[in-house]
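1. A predicted structure for the sequence below; I have some questions about it.
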Amino acid sequence: MASKGPFGRSGRPAPKGVGARLRYLFGRKADKDPKKAAGELGVTERTVKRWMSGKSKPNKANAEKIEKRTEAKYEDKARESAKAAGQPYLKGGGTDQGAGLSRMQFHGPVTMMGQSSRNYSRNRNITQPLTPDQAERAAAAYASGDSEALYQVAREVLRDYFNEGGGYSFTPEDLDFDLGSADFT
């Protein structure tokens, strides 16, 4: 059994071998009934059987197609798992210290404090670019399981969003939200 990574995400990486990837994408039946795999990949059933048995390997184009589909499915499952647990989602699990992270997407209520005599909260759908420093700190916080550090990065990103376009002057501490509503992609 794979160990759990930070924030409850499985520490197990996406499958690497062609046969393992095909089983991951199409289920155990890919060995015995390769029709679905063959149809979706645009190859013959015989070709899929040969890949599964290791008698041949896919050409570069087919290997890339299988790899991209595997990674996409793996990330979709990771996102679903994080959301079901009420936790933030970070593409790639923070393994590359921010490499590839470019934005934060937020879907949920944000409470803004200090701008009026009362707190103001409403649901938001926000997409905001990350600075390289924010991406690196988000990945490091996620990898170490430090939810407070990740929460602080998310607060900074939301502050940037509101202060750039809305004419506000929030500090990160003026914003409150559920970290599980944030996706770092």
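-> Cool, the structure landed.
2. Going by C-alpha atoms from here, please, whenever you check contacts or count neighbours.
-> Will do.
3. What segments of the protein are strands?
-> 89-90, 103-112, 120-129, 175-177, 182-184 (DSSP state E).
4. Make CSV from those strands and add mean neighbour count and distance to Ala139 to it.
-> Putting the strands of the chain into CSV (neighbours: other CA atoms under 10 Å; distance: least, CA to CA, whole Å) gives the following:
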stretch, mean neighbour count, distance to Ala139
strand 89-90, 26, 8
strand 103-112, 18, 12
strand 120-129, 14, 15
strand 175-177, 19, 19
strand 182-184, 23, 9
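5. Throw those into TSV and include mean pLDDT, thanks.
-> Converted to TSV, those look like this (pLDDT from 0 to 100):
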stretch	mean pLDDT
strand 89-90	74
strand 103-112	86
strand 120-129	84
strand 175-177	86
strand 182-184	84
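6. So for Ser144, which of those strands sits nearest?
-> Among those, strand 89-90 comes nearest to Ser144, with 12.6 Å by CA to CA.
7. which residues sit against that closest one?
-> For strand 89-90, contacts defined as CA atoms under 8 Å, 6 or more residues apart in numbering pick out 78-79, 82-83, 139, 142, 180, 182-185.
8. again, only using 7 Å
-> With CA atoms under 7 Å, 6 or more residues apart in numbering as the test, strand 89-90 has contacts from 79, 82, 182-185.
9. So what are the sheet partners of it and their directions?
-> Next to strand 89-90 in the sheet, as set by DSSP bridges, lie strand 182-184 (parallel).
10. and Pro88, what does it touch?
-> Shown in contact with Pro88 (CA under 7 Å, 6+ apart): 82, 179-183.
11. just Glu156 next, same as before
-> So Glu156 contacts Pro172 (CA under 7 Å, 6+ apart).
12. how far away is it from Glu173?
-> Distance, Glu156 to Glu173, using CA to CA, to the nearest Å: 9 Å.
13. list the buried ones in stretch 144-151?
-> Across stretch 144-151, burial judged by 16 or more other CA atoms under 10 Å covers 147, 149-151.
14. what's the model's confidence in it, averaged?
-> Average pLDDT, stretch 144-151: 86.
15. on that earlier part again, can you redo the buried residues of stretch 144-151 as JSON lines with distance to Asn125?
-> Formatted as JSON lines, these follow (distance: CA to CA, whole Å):
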{"residue": "Ser147", "distance to Asn125": "22"}
{"residue": "Ala149", "distance to Asn125": "22"}
{"residue": "Leu150", "distance to Asn125": "19"}
{"residue": "Tyr151", "distance to Asn125": "17"}
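16. Between the residues you listed, which sits nearest Gly108?
-> Tyr151 (14.4 Å).
17. Tell me, domain by domain, which residues of this structure belong where.
-> Annotated domains of the chain cover 15-85, 92-184 [automatic domain parsing].
18. any idea how far the shortest one is from the chain center?
-> Yep, that's domain 15-85 we're talking about. Averaging C-alpha positions (CA atoms, centre = their mean, to the nearest Å) puts domain 15-85 20 Å from its chain's average.
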